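Undergrad: based on what follows, work out the 3D shape:
(one chain, ligands or ions: 1)
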Amino acid sequence: MTEIISKVMRKLQNEVRAVNKGEEDILTEDDLTDMHYLKAVIKETLRLHPPLPLLFPRVLMRDLKINGYNIKANTRVIVNAWQVGRDPKSWYYLPEVFEPERFLTANKGMNYLGNDFQFIPFGAGRRICPAIQFSSTLNDIALANLVH
Ligand code: HEM
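TA: All right, here's what the predicted structure looks like:
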């Protein structure tokens with residue numbers, strides 16, 4: 001585990017230093033454009049450790065069949081985003097392992113904007129987190145500066 005973390009950290013530092021070349025003290029939004037590995041690291045962190053692991057509860061407005069289960073109207077349903085992010089049916093390659101590269105290869109293009117239901121750290125549908133853009137930029141800038 002420690003080995004994986006130091007491998008990721010080395011790659012991340014190399015990317016941040018290559019983009020910045022030590023010219024600025026504080027990195028800004030403009031510096032983030034080419035930091036693809038950094039964005040993959042943030043995605044992988046949110047996949048394995050979503051800060052809100054059980055999304056906001058929903059209540060069914062009518063009887064519904066979901067995945068073969070008959071669910072009555074007014075039932076409270078809790079979505080386990082933590083489990084969704086580790087489901088081996090969606091995450092074929094070592095689902096429990098911290099491997100940001102998956103977002104640059106097998107899962108390239110997958111995002112947390114609410115359209116990829118295998119990856120929902122910000123939820124999905126009408127109650128999706130309204131601060132996705134704000135939080136992702138903030139996360140990217142904070143991590144880039146920490147690593148820098
Ligand atoms: C990495 C940071 C964040 C994560 C992972 C996150 C995640 C979430 C999740 C999972 C939900 C529930 C969505 C659902 O049930 O479908 C939510 C809702 C919400 N989030 Fe965030 N959030 C983050 C940051 C923020 C920030 C910074 C703000 C405010 C500035 C914010 C404001 C809200 C609000 C107001 C809702 C409720 C939306 C509604 O019920 O209609 N979030 N967030």
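Undergrad: distance of the residue nearest to residue 5 when sequence neighbours are not counted relative to residue 8?
TA: Leaving aside its chain neighbours, residue 5 sits nearest to residue 98 (7.2 Å; criterion: Cβ to Cβ, 6 or more residues apart in numbering). For every residue, glycine as well, the C-beta is placed using N, CA and C. Distance, residue 98 to residue 8, by Cβ to Cβ, to the nearest Å: 7 Å.
Undergrad: now the residue in the chain positioned nearest to the ligand, what's its secondary structure?
TA: Residue nearest to the ligand within the chain (Cβ to the nearest ligand atom): residue 123, separated by 2.0 Å. Here residue 123 is recorded as coil under DSSP: H, G, I helix; E, B strand; the rest coil.
Undergrad: distance between the longest helix anywhere in the chain and the chain's centre?
TA: Selection of the longest helix in the chain by residue count, based on DSSP state H, yields helix 2-20. Distance of helix 2-20 from its chain centroid, counting by Cα atoms, centre = their mean, to the nearest Å, is 18 Å.
Undergrad: the helix or strand just after it: which residues count as buried?
TA: Counting by DSSP states H and E, the next helix or strand C-terminal to helix 2-20 is helix 36-48. Using 16 or more other Cβ atoms under 10 Å as the test for burial, helix 36-48 gives 37-48.
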